[in-house]
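A.B. asks: with the sequence up front, the predicted model follows.
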Amino acid sequence: MHEIRFWQDARGRSPVREWFEALADPQKRTIAKLLGLLETLGPNLSLPYVRLLGNGLRELRDTGNGPGMRVYFCFREGVFFLLMSAGQKSSQKRDIERARRILDDL
């Protein structure tokens, strides 16, 4: 099993945790299932669930018929996954830019 951690800003806030907690129950179940796959398969999880975005950034993808939820993360220290940004396909560009800024600061 691989560990999943939520990135926190300087004030201790975790945007991905807050985003997840605000989801409706069906969407929470979908994301929880994807996170379970990530915990189990780790870096071996690939398309259609994970897409590599370059420079260590990865995208966990909801492939169902919903709004196309995405969680942006990186693999750190060979041990855990750090969830940095999340949103729907409609906010994908902005969410990826936010994740890249966080990754650059790590």
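C.D. replies: Thanks, I have it.

A.B. asks: look at residue 18 and give its secondary structure.
C.D. replies: At residue 18 the chain is in helix, as set by DSSP: H, G, I helix; E, B strand; the rest coil.

A.B. asks: from residue 31, how far out is it?
C.D. replies: Using CB to CB, to the nearest Å, residue 18 is found at 13 Å from residue 31. Where you see a C-beta, it was placed from the backbone N, CA and C, and this is true even at glycine.

A.B. asks: out of the two, which sits in the more crowded spot?
C.D. replies: Looking at residue 18 and residue 31 with other CB atoms under 10 Å, you find the greater number of neighbours at residue 31, namely 19 against 11.

A.B. asks: report the helix or strand with the lowest average pLDDT across the protein.
C.D. replies: Scoring the helices and strands of the chain by mean pLDDT, DSSP states H and E places strand 80-88 at the bottom, with a mean of 88.

A.B. asks: who's in contact with the longest helix belonging to the chain?
C.D. replies: Ranked by residue count under DSSP state H, the longest helix found in the chain is helix 25-41. For helix 25-41, the external contacting residues (CB atoms under 8 Å, 6 or more residues apart in numbering) are 1-4, 20, 23, 45, 49-50, 60-62, 64, 66-67, 69, 71, 73, 81.

A.B. asks: whichever of those end up buried, select them in PyMOL.
C.D. replies: Here is the PyMOL command that selects the buried residues among the contacts of helix 25-41 (16 or more other CB atoms under 10 Å):
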select buried, resi 2+4+20+23+45+49+50+60+61+62+69+71+73+81
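
A.B. asks: just the contacts of helix 25-41: which are in strands?
C.D. replies: Residues of these located in strands (DSSP state E): 3, 4, 50, 60, 61, 69, 71, 73, 81.

A.B. asks: show me the contacts for the fifth one.
C.D. replies: If I follow you right, that is residue 61. By CB under 8 Å, 6+ apart, the contact set of residue 61 is 34, 48, 49, 50, 51, 68, 69, 70.

A.B. asks: quick check: the residue sitting nearest the centre point of the chain vs residue 25, distance?
C.D. replies: Compute the mean C-alpha point of the chain, and by CA atoms, centre = their mean the closest residue is residue 71, 2.6 Å away. Taking CB to CB as the measure, residue 71 and residue 25 are separated by 17 Å.
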